[in-house]
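A.B. asks: A structural model of the following input is requested.
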Amino acid sequence: MHTLGRRLLVLLCVVGLGLVLGSCDQSGGMDEELAPDEAEERIDSAIDGLSESAGTLEGGVFSRSLNDFLGLEDGNATREEWAEDLIGGLDTVIETSSERFRFDASTGKYVWDADSERWTESGSSDDIILEFPATRGTVGNNATFELSRYSDTPLDIDGQTVYLPTSGTASIRVDEEEVFAVDLNGVDYATEEGLEIPIPQSFSLEILTAPHTHTFSLTENSSTNYDFSFDLANEGQLVTGISLGAQLATDNYDELQSTDVEELSGELRIGSDLTLSYTIQAGELAEFDDPTESQINDRIDASIQSQGQEIATLRFDEAAERIEVVYSDESTDPASVFYEDFLDEVEAIWSDYLGDDDLEAGLDALNLE
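C.D. replies: Residues are numbered from 1 along each chain as shown. Here you go, the predicted structure:
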């Protein structure tokens, strides 16, 4: 397996096992026993906070601006033709080739002329600045896109040189209010003969979809150790976060097997109070063709903490084919009772963007519905 396959395997295993299988646990001990009803209330409260924050995206300025620009309805862009004309017209002012986006040759200030329906240059700049109407029919250009500090690197892929970004900062403002921004830094790509698509082995990325900020970080600590983190904040307050770590047993990437993903560990954070911590002996699990309930639970440890206090653990119930929350008195709840309503709310929020069919297919694929 080449480096691409190895890194994809690490990332997919961490995300997939860490968030799905990572909800299993072998033990039920509590640091300080908390009554099941109080533990349930704390988990419910954290999920409610997550739902409330998800709802703020729908009413936020980014969502409203995107809806206005594309005219989104059930995943369909009713103003697609107008948007395509505006975006497609950039070919006349932005320099590109089949291999590279030529930032230095494209800098300047450009405005959209509604009468001629084309972009015109209106001034010089060290950045790329585009002024355009935020929605069809708007009188004047009330939106501004700006791209600065862009850099890229040449990579040889199967004998062909391509250029991929290593840093850059972009933003969109509507009526002088920032609704979207991207800040990319420190991208280091893996390059090996035979790779079809180079992927980053380290980077930091921050994306604003007002009022939410998404922060990503990937670090290759060594050839056998990786860390990935993601935080979602709402106006500076943590909504949810994920930290993932993967330990490989070997750096023989060409022949990497599933059993060589030795250990996965990390946290899922919901708000400032609730944390799900897990450790998975992934290599040992991969050695079983059809692991039993005890074999799974003996090799996966997951617990839920509230304000630093362990309030429940998680385990897999083979007979019921479900993940269970285990309280201090060994009573249980299906884990699904905590996230089913939240998923319904997410589906309602995102249906205008992705369409009901795509959302349902995605949730079915994750076995969450």
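A.B. asks: so where do the helices sit in this protein?
C.D. replies: Counting by DSSP state H, the segments of the chain that form helices are 3-19, 36-59, 61-70, 80-88, 103-106, 282-286, 293-299, 336-354, 356-365.
A.B. asks: Please name the nearest non-neighbouring residue to Glu293.
C.D. replies: Leaving aside its sequence neighbours, Glu293 sits nearest to Glu318 (C-beta to C-beta, 6 or more residues apart in numbering; 3.7 Å). Where C-beta positions appear, they are placed from N, C-alpha and C, glycine not excepted.
A.B. asks: check contacts around the one you found.
C.D. replies: Under the criterion of C-beta atoms under 8 Å, 6 or more residues apart in numbering, the neighbours of Glu318 are Thr292, Glu293, Ile296.
A.B. asks: ok, now Thr107?
C.D. replies: For Thr107, the contacting residues are Ser124, Ser125, Asp126, Asp127, Ile128, taking C-beta under 8 Å, 6+ apart as the criterion.
A.B. asks: Quick check: phi and psi at it.
C.D. replies: phi -60, psi 150 (degrees, to the nearest 10).
A.B. asks: That one and Thr92: what is the separation?
C.D. replies: Between Thr107 and Thr92 the distance, using C-beta to C-beta, to the nearest Å, works out to 15 Å.
A.B. asks: Low-confidence bits of the chain, can you list those?
C.D. replies: Scanning the chain with the threshold set as pLDDT under 70 gives 1-32, 74-75, 191-196, 251-256, 349-369.
A.B. asks: residue contacts, Gly71?
C.D. replies: Ala77, Thr78, Arg79, Glu80, Arg136.
A.B. asks: Distance check, it against Arg136.
C.D. replies: Shown here: Gly71 relative to Arg136, a distance of 8 Å by C-beta to C-beta.
A.B. asks: Overlap of the contact sets of the two?
C.D. replies: Once C-beta under 8 Å, 6+ apart is applied, the residues that Gly71 and Arg136 both contact turn out to be Arg79.
A.B. asks: Touching stretch 181-201 from outside, list them.
C.D. replies: By C-beta under 8 Å, 6+ apart, the surrounding residues in contact with stretch 181-201 are 2-4, 7-8, 153, 155-158, 164-172, 202-208, 218, 220.
A.B. asks: same thing but 7 Å
C.D. replies: Taking C-beta atoms under 7 Å, 6 or more residues apart in numbering as the criterion, the residues outside stretch 181-201 that touch it are 2-4, 7, 153, 155-157, 164-171, 202-208, 218, 220.
A.B. asks: Render the CA-only coordinates of that stretch in PDB, please.
C.D. replies: C-alpha atoms of stretch 181-201 as PDB (Å, rounded to 0.1, in the frame of the first residue of the first chain):
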ATOM      1  CA  ALA A 181     -13.400  33.100   5.400                       C
ATOM      2  CA  VAL A 182     -10.700  30.600   4.900                       C
ATOM      3  CA  ASP A 183      -7.200  30.600   6.300                       C
ATOM      4  CA  LEU A 184      -4.900  27.800   5.200                       C
ATOM      5  CA  ASN A 185      -1.300  27.300   6.400                       C
ATOM      6  CA  GLY A 186       1.600  24.900   6.500                       C
ATOM      7  CA  VAL A 187       0.400  22.300   4.000                       C
ATOM      8  CA  ASP A 188       3.100  19.600   3.500                       C
ATOM      9  CA  TYR A 189       2.200  17.000   0.800                       C
ATOM     10  CA  ALA A 190       3.300  13.400   0.600                       C
ATOM     11  CA  THR A 191       4.900  12.600  -2.700                       C
ATOM     12  CA  GLU A 192       5.700   9.100  -3.800                       C
ATOM     13  CA  GLU A 193       6.000   7.400  -7.200                       C
ATOM     14  CA  GLY A 194       2.600   5.900  -8.100                       C
ATOM     15  CA  LEU A 195       0.400   8.200  -6.100                       C
ATOM     16  CA  GLU A 196      -2.600   9.300  -8.100                       C
ATOM     17  CA  ILE A 197      -3.600  12.100  -5.700                       C
ATOM     18  CA  PRO A 198      -1.200  13.700  -3.200                       C
ATOM     19  CA  ILE A 199      -2.700  14.300   0.200                       C
ATOM     20  CA  PRO A 200      -1.500  16.600   3.000                       C
ATOM     21  CA  GLN A 201       0.600  15.000   5.800                       C
END
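A.B. asks: Please tell me how far Trp82 sits from Leu232.
C.D. replies: If you go by C-beta to C-beta, the gap between Trp82 and Leu232 works out to 32 Å.
A.B. asks: Ok, Asn67 next?
C.D. replies: In this structure, Asn67 lies at 21 Å from Leu232, with C-beta to C-beta as the measure.
A.B. asks: go on, Leu264?
C.D. replies: Between Leu264 and Leu232 the distance, using C-beta to C-beta, works out to 21 Å.
A.B. asks: Who has more neighbours out of those two?
C.D. replies: Higher neighbour count among Leu264 and Leu232: Leu264, with 27 against 20, using other C-beta atoms under 10 Å.
A.B. asks: Surely that one and Ala246 touch.
C.D. replies: Yes: Leu264 is in contact with Ala246 according to C-beta atoms under 7 Å; the separation is 5.5 Å.
A.B. asks: close enough to count as contact, Leu50 and Ile270?
C.D. replies: Yes: at 5.5 Å, Leu50 counts as touching Ile270 under the criterion of C-beta under 7 Å.
A.B. asks: Can you check which residues contact both of the two?
C.D. replies: Both Leu50 and Ile270 are in contact with Thr240, where contact means C-beta under 7 Å, 6+ apart.
A.B. asks: contacting residues for Ser336?
C.D. replies: Arg322.
A.B. asks: Please repeat the previous calculation with a cut-off of 6 Å.
C.D. replies: By C-beta atoms under 6 Å, 6 or more residues apart in numbering, no residues touch Ser336.
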